[in-house]
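Enquirer: Following is a predicted model, sequence given first.
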Amino acid sequence: MTWTQFTQQPRASELLYHSLRNDRLAHAYLLTGPKGAGKKQMALHLAKSLFCPEREADACGACITCRRIEGGNHPDVMFITPDGASIKIDQIRALQKEMAMRAVESHHKVYIIEHVEKMTTQAANSLLKFLEEPPAGVLALLLTEHSHAILPTILSRCQIVQFSPLSAEAIAGELRRDGVLAGMAQVASHITTNVEEAKVLSQSESFAQLRNLVIQLIQECKQRNSSALFTIHDMLQKSDKIKEELPLFLDLLILWLRDILYVQVGRHAHLINSDQQDVLQGQALVWTKAELLHGIDLVMETKNRIERNANVQLALERLVLQIQEG
């Protein structure tokens, strides 16, 4: 990978690349953005670009130096991750000791701290002193998803590089390249902005089962009998993980109702469940636009009620009955 291939984070990659090429790197960067946005990948690439003997201000990714950095085996690149629930002061002290030593293979040393917001107060204060008086040639790359949880004094000593959430199209494309069926890739990419989570979702059997359950439930809601209530009862009885999966189930339900609405207004190019167009076409004939919009509101309300610890079975049964009432 080269800098030009970070197409999903053009601002961040251009900032770091031009700073490196013009020899104007700051001593510390805070890479902040949602999970799965590519912060660690870009931090690694910056470290490789400093040391790679094959390319100037970039990294080939193939030489022994790049491979050692990728594998965490380069003597001048140090990684720190939380030890249990937090990053402890002993880890920061070890970092300071290591960074104070002369670089082995060049005049640069790099340290990358993941989840920097998880530092204990003592560790944060210790790192702050280190950031205030950095040794020559040392580059700090701090990674976080929660910059608001970091001490303002640390923020003020870093150049902040903001990462944007990946687009659904970008995530779906990566899933398809990994062999995920286009339909499942499309749905998973609209559930999460995290590529890794999307991969796990799209390849899990329960994800496909939940989507089938959504399709069945929407069909039964129009039958005006007790089938939908029985489906809810069976779902709660058969799966041990259903309480964990309920937010996902309700999100899938919203996306499905939205797709029926999109079929009705002719926005077929924007369907998320695009691999189920025949089913959507059939259901679009028996739902009105008002019912669909009301149904989406009810699902969102149910999701909020469950998040506030409402009884799950009662909340879902209430949802079904209200949808059937229209």
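Expert: It's in. Residues are numbered from 1 along each chain as shown.
Enquirer: Just give the number of residues close to the closest residue to His27 other than its chain neighbours.
Expert: Closest residue to His27 apart from its sequence neighbours, by CB to CB, 6 or more residues apart in numbering: Pro134 at 4.4 Å. All C-beta atoms are positioned from the backbone trio N, CA, C, and that covers glycine. Around Pro134 there are 15 other residues, counting by other CB atoms under 10 Å.
Enquirer: now do the one 3 residues further on
Expert: Other residues within reach of Gly137 by the criterion other CB under 10 Å amount to 16.
Enquirer: Cross-check the contact I'm expecting between it and His107.
Expert: Yes: look at Gly137 against His107 with CB atoms under 8 Å: they come within range, at 4.9 Å.
Enquirer: which residues are common contacts for those two?
Expert: The contact sets of Gly137 and His107 do not overlap (CB atoms under 8 Å, 6 or more residues apart in numbering).
Enquirer: Quick check: closest non-adjacent residue to the residue sitting nearest the centre point of the chain.
Expert: Centroid check for the chain by CA atoms, centre = their mean gives Asn194 as the closest residue, at 2.3 Å. Ranked by CB to CB, 6+ apart and with sequence neighbours excluded, the top spatial neighbour of Asn194 is Gly36, at 3.2 Å.
Enquirer: Secondary structure class of the one you found, three-state.
Expert: Recorded secondary structure, Gly36: coil (DSSP: H, G, I helix; E, B strand; the rest coil).
Enquirer: how deep is it tucked in, by neighbour count?
Expert: Neighbour tally, Gly36, other CB under 10 Å: 20.
Enquirer: can I assume it is in contact with Glu197?
Expert: Yes: at 6.6 Å, Gly36 and Glu197 qualify as touching, with contact defined as CB under 8 Å.
Enquirer: just to revisit the earlier point, what's near enough to touch the residue nearest to His27?
Expert: Residues near Pro134 by CB under 8 Å, 6+ apart: His27, Ala28, Ala140.
Enquirer: Distance of the last one relative to Arg67?
Expert: Separation of Ala140 from Arg67 (CB to CB, to the nearest Å): 23 Å.
Enquirer: So which of these two has more stuff around it?
Expert: Shown here are Ala140 and Arg67; by other CB under 10 Å, Ala140 has more neighbours (23 against 14).
Enquirer: check contacts around the nearest residue to the more buried one once chain neighbours are set aside.
Expert: The shortest distance from Ala140 to any non-neighbouring residue, by CB to CB, 6+ apart, is to Ala28 (3.9 Å). Residues near Ala28 by CB under 8 Å, 6+ apart: Leu131, Pro134, Leu139, Ala140, Leu141, Leu142, Arg157, Cys158, Gln159.
Enquirer: ok, and the closest non-adjacent residue to the third one?
Expert: If I follow you right, that is Leu139. Closest residue to Leu139 apart from its sequence neighbours, by CB to CB, 6+ apart: Val110 at 4.7 Å.
Enquirer: sec struct for that neighbour, please.
Expert: Here Val110 is strand, with the state taken from three-state DSSP.
Enquirer: OK, contacts around it?
Expert: Val110 is in contact with Leu46, Ala47, Leu50, Asp76, Val77, Met78, Val138, Leu139, Ala140, Leu141, counting by CB under 8 Å, 6+ apart.
Enquirer: Which ones among the residues you listed lie within strands?
Expert: When DSSP state E is applied, the contacts of Val110 are split such that Val77, Met78, Val138, Leu139, Ala140, Leu141 fall in strands.
Enquirer: Just give the number of residues close to the first one.
Expert: When you say that, I think you mean Val77. Residues lying near Val77 (other CB under 10 Å) number 25.
Enquirer: How about it: which residues does it bridge to?
Expert: Applying DSSP bridges to Val77 gives these bridge partners: Val110.
Enquirer: Quick check: it touching His45?
Expert: No: with contact defined as CB under 8 Å, Val77 does not count as touching His45 (12.0 Å).
Enquirer: measure the residue nearest to Leu139 to Gly33 for me?
Expert: The gap separating Val110 from Gly33 is 20 Å, by CB to CB.
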